[in-house]
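[1] missing the sequence, but the structure's below:
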């Protein structure tokens with residue numbers, strides 16, 4: 001059952017319960033009040049007649065039962081006794097008048113000379129009567145006087161009220177059903193929109209939103225739902241991008257392995273066949289060795305990237321200046337052979353670093369700068385302490401990076417100059433590792449470059465001060 005139908009049924013049930021109980025109580029109270037008023041009036045009339053009989057008896061004692069009957073006949077001629085009248089002793093009836101007298105209830109055991117007995121009875125003709133019964137003494141004998149008053153009009157009025165109430169009740173139920181359904185329809189219409197939005201998103205339409213503009217709870221749920229849908233869409237887009245990058249990574253990695261492995265297998269097969277001259281065998285062995293070393297470097301870089309992503313590192317107190325000075329001193333001699341000058345300017349201080357990965361960061365940045373200087377040049381390394389770590393800058397005056405490549409250079413296997421990087425033994429993983437090392441130190445890496453002017457790489461490491 002739909003929620004709007006449930007709401008309608010609940011409102012109808014509440015309306016039926018409260019209106020039904022209230023109407024029934026009102027009719028019952030009205031009936032009881034009317035019956036009470038009629039009973040009071042009948043008691044007053046009855047006591048007046050009973051007192052009259054007692055007064056007459058005290059002034060002129062009745063000589064026989066005939067005198068009593070004549071007196072009652074005279075009084076009944078005044079219509080004071082209502083619908084029926086009966087006078088009787090414990091053994092016989094002295095006087096009876098009116099058709100309702102045949103249906104009198106015996107109340108002799110419930111009355112005495114000071115108390116009246118009262119009851120209601122009905123006849124086969126569906127008439128209702130109020131019966132009053134009292135007793136009095138004539139000489140030493142006790143007599144009982146029963147009187148009946150027609151109260152059928154009260155019951156008829158109640159019946160008419162109940163019929164009218166039933167018609168009104170049915171009309172109100174029908175009106176309440178229509179109004180409740182219309183109200184529930186407008187109240188639950190936003191829920192239908194919200195349900196449609198969930199189905200659209202489940203079917204792949206991630207741009208669909210409920211856009212319910214209201215200040216109630218449903219509006220709050222709609223805003224939360226749309227916010228959730230935004231996050232879901234962003235997560236799915238990020239997942240797609242990650243899958244694309246993964247697929248590209250696998251493709252590039254396969255390509256990186258295919259070329260050297262093909263050459264190694266080819267040269268190894270020639271060596272195994274012993275069909276090469278001595279100088280060709282040396283050349284083939286050298287090529288196999290160089291390609292094997294390149295594959296070794298590739299596997300080590302991939303291992304470093306994998307380890308850095310597994311959060312398996314420990315930050316300790318270290319001096320960036322000491323690490324940079326030691327590394328640059330070790331690399332200077334090799335770079336001078338390629339006519340590249342390396343200098344550094346470091347600010348003293350301590351911060352939280354993973355020294356092994358920090359060393360890899362410097363080596364990869366300097367190595368990347370070296371590849372940009374095929375004909376020699378200058379590389380400078382600068383470090384400064386910050387409020388939450390340190391800043392490392394590596395600058396070269398090489399060929400620079402095209403603007404369209406800057407946003408991609410930290411992607412795995414991406415090369416600005418593919419042919420030159422391959423010839424220099426690169427696999428496009430150095431800057432990827434640098435970006436991961438900066439991330440593990442809660443930092444960032446940025447690039448400023450102009451073609452023909454050189455490149456400035458800035459790394460912010462925010463592991464904290466020691």
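    Thanks, I have the structure now. These numbers were taken from a predicted model, which means no experiment stands behind them. Numbering: from 1, shown residues only.

[2] Spell out for me which residue occupies the centre of this protein.
    residue 221 (6.3 Å; Cα atoms, centre = their mean).

[3] give the contact list for it.
    Each residue near residue 221 by Cβ atoms under 8 Å, 6 or more residues apart in numbering is listed here: residue 194. Yep, even glycine has a C-beta here, placed from its N, CA and C like the rest.

[4] tell me which element it falls in.
    helix 217-273 (DSSP states H and E).

[5] cool, and residue 121?
    Per DSSP H and E: strand 117-122 holds residue 121.

[6] Quick check: can you name the pairing partners of that strand and their directions?
    strand 128-138 (antiparallel) (DSSP bridges).

[7] Work out the gap between the partner strand and the centre of the chain.
    Remark: strand 128-138 is offset 74 Å from the chain centroid, using Cα atoms, centre = their mean, to the nearest Å.

[8] In it, which residues are buried?
    For strand 128-138, a neighbour-count test (16 or more other Cβ atoms under 10 Å) marks 128-136, 138 as buried.

[9] what's the answer for stretch 92-106, then?
    So, applying 16+ other Cβ under 10 Å, buried residues of stretch 92-106: 94-98, 100-101, 104.

[10] got it, and stretch 361-372?
    The neighbour-count check on stretch 361-372 (16+ other Cβ under 10 Å) flags 361-366, 368-372 as buried.

[11] Rebuild these as a markdown table, extending it with secondary structure, pLDDT and distance to residue 148.
    Shown next, in a markdown table, are those (DSSP: H, G, I helix; E, B strand; the rest coil; pLDDT from 0 to 100; distance: Cβ to Cβ, whole Å):
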| residue | secondary structure | pLDDT | distance to residue 148 |
| --- | --- | --- | --- |
| 361 | helix | 85 | 116 |
| 362 | helix | 88 | 121 |
| 363 | helix | 83 | 123 |
| 364 | helix | 82 | 119 |
| 365 | helix | 90 | 120 |
| 366 | helix | 90 | 125 |
| 368 | helix | 84 | 121 |
| 369 | helix | 89 | 125 |
| 370 | helix | 89 | 128 |
| 371 | helix | 85 | 126 |
| 372 | coil | 85 | 126 |
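
[12] Sort out which one of these lies nearest residue 225 for me.
    Nearest to residue 225 among the buried residues of stretch 361-372: residue 361, at 43.7 Å, using Cβ to Cβ.

[13] That closest one contacts residue 392, doesn't it?
    Yes. With contact defined as Cβ atoms under 8 Å, residue 361 counts as touching residue 392 (7.4 Å).

[14] what is in contact with the two at once?
    Here residue 361 and residue 392 have residue 459 as joint contacts, going by Cβ under 8 Å, 6+ apart.

[15] Now do the strands in this protein.
    84-88, 93-97, 117-122, 128-138, 141-150, 316-318, 340-346, 351-353, 377-386, 389-396, 444-450, 454-461 (DSSP state E).

[16] What residues of the last one count as buried?
    This means strand 454-461. Residues 454-457, 459-461 are the ones in strand 454-461 that count as buried (16+ other Cβ under 10 Å).

[17] Which elements pack onto that strand?
    helix 355-371, strand 389-396, helix 430-440, strand 444-450 (3 or more Cβ pairs under 8 Å, 6 or more residues apart in numbering; DSSP states H and E).

[18] Can you list the low-confidence ranges for the stretch 51-200 of the chain?
    Judged by pLDDT under 70, the stretch 51-200 of the chain has its weakly predicted residues at 57-67, 75-82.

[19] Just the helices from it, written as ranges.
    Assigned by DSSP state H, counting those that start in this stretch, the stretch 51-200 of the chain shows helices spanning 65-76, 152-202.

[20] re earlier: and the buried residues of strand 454-461 as a markdown table, adding pLDDT?
    Output for the buried residues of strand 454-461, formatted as a markdown table (pLDDT from 0 to 100):
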| residue | pLDDT |
| --- | --- |
| 454 | 90 |
| 455 | 91 |
| 456 | 93 |
| 457 | 93 |
| 459 | 94 |
| 460 | 94 |
| 461 | 93 |
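
[21] give me every residue that touches the residue lying closest to residue 400 once chain neighbours are set aside.
    Computed as Cβ to Cβ, 6 or more residues apart in numbering, the closest residue to residue 400 that is not its neighbour in sequence is residue 451, at 4.2 Å. By Cβ under 8 Å, 6+ apart, the residues touching residue 451 are 399-402.

[22] ok, so of these, who is nearest residue 196?
    Within the contacts of residue 451, proximity to residue 196 (Cβ to Cβ) peaks at residue 402, which comes in at 47.7 Å.

[23] For the closest one, which non-adjacent residue is spatially closest?
    That would be residue 451: by Cβ to Cβ, 6+ apart, it lies 6.1 Å from residue 402.

[24] Over to residue 355?
    Nearest residue to residue 355 in three dimensions, chain neighbours excluded: residue 318, at 5.2 Å (Cβ to Cβ, 6+ apart).

[25] next one: residue 197
    Excluding the flanking residues, the one nearest residue 197 by Cβ to Cβ, 6+ apart is residue 210, at 4.0 Å.

[26] Same check on residue 292?
    Closest residue in space to residue 292, ignoring its immediate chain neighbours: residue 264 at 6.7 Å, by Cβ to Cβ, 6+ apart.

[27] hang on, that neighbour packs against residue 293?
    No. Between residue 264 and residue 293 no contact is recorded; they are 11.2 Å apart, counting by Cβ under 8 Å.

[28] Which of those two has more residues huddled nearby?
    Shown here are residue 264 and residue 293; by other Cβ atoms under 10 Å, residue 264 has more neighbours (18 against 12).

[29] Distance-wise, check the more buried one relative to residue 295.
    Distance from residue 264 to residue 295, counting by Cβ to Cβ, to the nearest Å: 8 Å.

[30] Next, give me the two most distant ones among the buried residues of stretch 92-106.
    The span of these, defined through Cβ to Cβ, is set by 94 and 100 at 17.6 Å.

[31] Can you mark which positions in stretch 146-156 are buried?
    Of all the residues in stretch 146-156, those buried under the rule 16+ other Cβ under 10 Å are 146-151, 154-155.

[32] let me fix that: stretch 29-41
    Residues 31, 34-35, 38-39 are the ones in stretch 29-41 that count as buried (16+ other Cβ under 10 Å).

[33] Pick the one among these closest to residue 204.
    Of all those, residue 31 has the smallest distance to residue 204: 68.1 Å, by Cβ to Cβ.

[34] where's the closest one relative to residue 335, distance?
    Residue 31 is 114 Å from residue 335, where distance means Cβ to Cβ.

[35] Same check on residue 445?
    Relative to residue 335, residue 445 is positioned 22 Å away (Cβ to Cβ).

[36] what does residue 217 give?
    Going from residue 217 to residue 335 by Cβ to Cβ gives 68 Å.

[37] So between those two, which is more surrounded?
    Neighbours per residue (other Cβ under 10 Å) separate residue 217 from residue 335, with residue 335 holding more: 20 against 8.

[38] Quick check: residue 396 vs residue 326, distance?
    Note on residue 396: its distance to residue 326, by Cβ to Cβ, is 21 Å.
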